[in-house]
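Visitor: Structure for this input, please:
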Amino acid sequence: QVQIVESGGGVVQPGGSLMLSCLNSWSAFRISHIGWYRQAPGNQRELIASISPPGNGPTTDYADSVKGRFIISRDNAKNTVYLQMSSLSPEDTAVYYCNRDPRPISISGKDYWGQGTQVTVSS
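Guide: Next comes the predicted model:
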C-alpha cells in the first residue's frame, strides 16, 4: 500500500526557516519526478518545486514565488524528498504536500495525496 508522509511543518516567524521531509513508499518513487506542492486557504494546490530522478542529474525547478529561497533535494536510499525553506513570509503559509510531478500518484483511478504538513508563518 502506498504511503506518503509529509513532516517538518510548524509555526515560524517571518524570515525564519524550516525543513520539510516526505517519506514515500511508492514503488516507482526512485525513477520519478517528485514535486512539493502547497495549498493556502481559499487557493488551489500549486506546484512549487520539482526534482528529477537521480539518473538525470538530478535537475530541479522552482516556481517564481519560491525561487532563491527554497531548495528541493532527494535521498533515494531513504525514499525521501526534502524541502529546505528559508526567508519565509506570511505568504508561504499553507499545507505542503509532496507527490509525483506533473500528475499525482493514482490508486484505483483516484489521485492519492498524503495528509500534508501545515506551515504557518506569523509573528
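
Visitor: quick one: the residue lying closest to Thr59 once chain neighbours are set aside from Gly35, how far?
Guide: In this structure, Thr59 finds its nearest non-sequential neighbour in Ser52, 4.7 Å apart by C-beta to C-beta, 6 or more residues apart in numbering. All C-beta atoms are positioned from the backbone trio N, CA, C, and that covers glycine. Distance of Ser52 to Gly35, computed by C-beta to C-beta, to the nearest Å: 10 Å.

Visitor: of those two, who's got more company?
Guide: Neighbour tally, Ser52 and Gly35, criterion other C-beta atoms under 10 Å: the higher count belongs to Gly35, 24 against 17.

Visitor: which neighbours does the one helix or strand that one maps to have in its sheet, and in what orientation?
Guide: Element membership for Gly35, per DSSP states H and E: strand 34-39. The sheet places strand 34-39 alongside strand 46-51 (antiparallel), strand 94-100 (antiparallel), with pairing taken from DSSP bridges.

Visitor: Gly16 is nearest to which of the ones you listed?
Guide: Gly16 lies closest to strand 94-100 among the strands paired with strand 34-39, at 14.9 Å (C-beta to C-beta).
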